[in-house]
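Undergrad: Below is the sequence, then the predicted model.
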Amino acid sequence: MRHTATAKPETAADRAISYNGSSDGGCSAATTPDWNVGHLMMKLASVGITCGIIALAPLRPACAQSAPIQAKLRLMTKGAVARYGLSMPARVPLSPVAPTEVVKAPAGLISPLYGFISMGPSGDTSTSAVIVDDPSSPNSHLYVDSNGDGDLTDDPPAVWRSSTYTGLGGHTYMLHDGTVTVDVRYGSRTVPLSLYVRLFDPSDPSHGALRDQLVCYADYACTGHVTLAGKAYSAALLDATAKADFTAAAAQPGGAVFCIDVNGNGVFDSQGEVYSASQPFNIAGTTYKIADVAPDGTEFVLRRSATSVPLIPAPPDLRPGKPALAFTMPTLDGGTVHFPADYHGKLVLLYFWATWCGGCQLDMPRVRAVYSRYHTQGLEILGVSLDHANQKARVEDFERENALPWPQIYEGKYMSSAVAQLYFVNTTPSGFLVDGDSGEVVADGQSLRGPQLAATVAAAFRHWLPGARAGAH
């Protein structure tokens, strides 16, 4: 889904709830433009297609080649996770065996686990040792050999937080997360690049594939503008591999992601504005192909492609103040919902979630608390489960175990659910707060996730309730 263009600092809790709980460790979390491209980056990396769920099949020869366009961006060394969300992670296996490469470790280690982070261009990769000490404790520490000299006592301190979350069945688990810096060499330059890192509770079965692995996400990106046919567009090049080698990433499907704000609305829309850098894409009727990407991603060439691909239209504008999209769907309890017509005189939260989504599990207590607090004042929730096929019983069990009293839509079609396709939702959790009278979107995006949810709903009831609006006239 899409987020408004005003970027806000992301808290540790916000970052924690963005995890989607899938076995690949992928997640979703957003500069100007500001859109959560995390889930889409994972999709591109896994299947190598463009956004909008449209495969790029050659159509016809393109027109004669025009002069290549040189693009130059700025390397943002940190802060990309808060702006663009989480990409495909790099996994760092952890072992209790101390490697010989660690020349000097911090004193007083309790139960350390060791691993290595490798980043940088092919042929000049930087390798940094990492130590996670006492990982089962809320007082755990993280150390990284940022400068790669084997001494883990002379490096910038890592940011390392401990928090808890509620998983399936209401069990409480521990999550460690934070940021580290690794010095990456690009020729004669050494650039400190930031990684956002996580360590999940090994006792949580939903994260079994990530047991004893430090999960690392690129917290860096290249941003700026590109000019096509005389028009300047805001753009970004994202590294979905977290390896800091943009040349190699751009050569593999979904390895690097090119974002371009075609419609100028300050948002990177999931359809028509986010593309795999390895595939051709159509902007304003011209098909381009990215080539000659510099290792640090700051320079590349846009050429007219030898083959044309379809122009992917922009999605509907579902920003606050715009009309929500109407639909009629059956619900799990055997009823039928007409959205938003059935919610006259109400504020309704259209909430996209899934039982496999770790972020949804973390967020659900907040959603339930908001419902309990405001339901008598007119808040309703309509859940849309984006679970896979044959998961109806699991969805119903989750409803019952977590005491979710609101109706649910379940089709068993994952992200191809009719309502998800209608609203162009490709990450969970996602939500739209809608005024049942006017049918307008009141809030969306990050404002309906994490700690911001309660504040957003409270503000909506101050300004959007029928009584409040009537008193304002």
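TA: Everything's here; your move.

Undergrad: Going along the chain, name the helices of the stretch 151-300 of the chain.
TA: Counting by DSSP state H, counting those that start in this stretch, the segments of the stretch 151-300 of the chain that form helices are 246-250.

Undergrad: before we move on, what about the stretch 1-150 of the chain?
TA: Using DSSP H, counting those that start in this stretch, helices in the stretch 1-150 of the chain cover 12-17, 38-47, 80-84.

Undergrad: Could you list every helix and strand that the strand or helix carrying Leu349 packs against?
TA: Assignment of secondary structure by DSSP states H and E places Leu349 within strand 347-353. With contacts taken as 3 or more Cβ pairs under 8 Å, 6 or more residues apart in numbering; DSSP states H and E, strand 347-353 sits against helix 358-374, strand 379-385, helix 418-422, strand 430-435, helix 452-463. Just so you know, the C-beta spots here come from the backbone N, C-alpha and C atoms, and that holds for glycine as well.

Undergrad: Restrict it to CA atoms and write it as CSV.
TA: The C-alpha coordinates for strand 347-353 follow below in CSV (Å, rounded to 0.1, in the frame of the first residue of the first chain):
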residue,chain,number,x,y,z
LEU,A,347,-15.6,5.1,11.5
VAL,A,348,-14.4,1.8,10.1
LEU,A,349,-10.8,0.4,10.0
LEU,A,350,-10.3,-1.8,7.0
TYR,A,351,-7.4,-3.9,8.3
PHE,A,352,-5.3,-6.3,6.1
TRP,A,353,-3.5,-9.0,8.1
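
Undergrad: Please compute how far that strand lies from its chain's middle.
TA: 19 Å (Cα atoms, centre = their mean, to the nearest Å).

Undergrad: Mind listing the strands it pairs with, and their directions?
TA: Partners of strand 347-353 in the sheet, by DSSP bridges, are strand 379-385 (parallel), strand 430-435 (antiparallel).

Undergrad: Just name the most buried of the ones you listed.
TA: strand 430-435 (a mean of 26; mean count of other Cβ atoms under 10 Å).

Undergrad: and the angle from that strand to helix 358-374?
TA: Interaxial angle, strand 430-435 versus helix 358-374 (axes from the mean of the first three to the mean of the last three Cα atoms, to 10 degrees): 20 degrees.

Undergrad: and the helices and strands packed on strand 347-353 as CSV, adding distance to Asp151 and mean pLDDT?
TA: Shown next, in CSV, are these (distance: least, Cβ to Cβ, whole Å; pLDDT from 0 to 100):
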stretch, distance to Asp151, mean pLDDT
helix 358-374, 35, 93
strand 379-385, 50, 97
helix 418-422, 50, 93
strand 430-435, 44, 96
helix 452-463, 41, 93
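
Undergrad: Point out the most buried one among these.
TA: The stretch of these with the highest mean neighbour count (mean count of other Cβ under 10 Å) is strand 430-435, at a mean of 26.

Undergrad: could you dump the next helix or strand after that one to PDB, C-alpha only?
TA: Where DSSP H and E defines the elements, the next helix or strand beyond strand 430-435 is strand 441-444. Presented in PDB, the C-alpha positions along strand 441-444 are these (Å, rounded to 0.1, in the frame of the first residue of the first chain):
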ATOM      1  CA  VAL A 441     -10.300   7.800   3.600                       C
ATOM      2  CA  VAL A 442      -9.500   9.400   6.900                       C
ATOM      3  CA  ALA A 443      -6.000   7.800   7.500                       C
ATOM      4  CA  ASP A 444      -3.700   5.200   6.000                       C
END
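
Undergrad: Which strands border strand 441-444, and is each parallel or antiparallel?
TA: With DSSP bridges as the test, strand 441-444 pairs up with strand 430-435 (antiparallel).

Undergrad: Can you give me the buried ones in stretch 436-450?
TA: 436-437, 439-450 (16 or more other Cβ atoms under 10 Å).

Undergrad: which residues pair with Ala236 across the strands?
TA: Taking DSSP bridges as the rule, Ala236 bridges to Thr223, Cys259.

Undergrad: Is Met119 in contact with Ala248, as I believe?
TA: No: Met119 is beyond contact range of Ala248, at 11.4 Å (criterion: Cβ atoms under 8 Å).

Undergrad: Looking at the two, which one has more neighbours?
TA: Met119 (25 against 17; other Cβ atoms under 10 Å).

Undergrad: That one and Gly187: what is the separation?
TA: 15 Å (Cβ to Cβ, to the nearest Å).

Undergrad: could you list every residue that touches the closest residue to Pro205 other than its chain neighbours?
TA: In this structure, Pro205 finds its nearest non-sequential neighbour in Leu168, 7.6 Å apart by Cβ to Cβ, 6 or more residues apart in numbering. Remark: with contacts taken as Cβ atoms under 8 Å, 6 or more residues apart in numbering, Leu168 is in contact with Pro205, Ser206, Thr355, Gln361, Phe398, Glu401.

Undergrad: Test my guess that the second one contacts Cys357.
TA: No: with contact defined as Cβ under 8 Å, Ser206 does not count as touching Cys357 (9.4 Å).

Undergrad: For those two, work out which one has more neighbours and name it.
TA: Cys357 (27 against 21).

Undergrad: pretty sure that one contacts Thr427?
TA: No: using Cβ under 8 Å, Cys357 is not in contact with Thr427, being 9.1 Å away.
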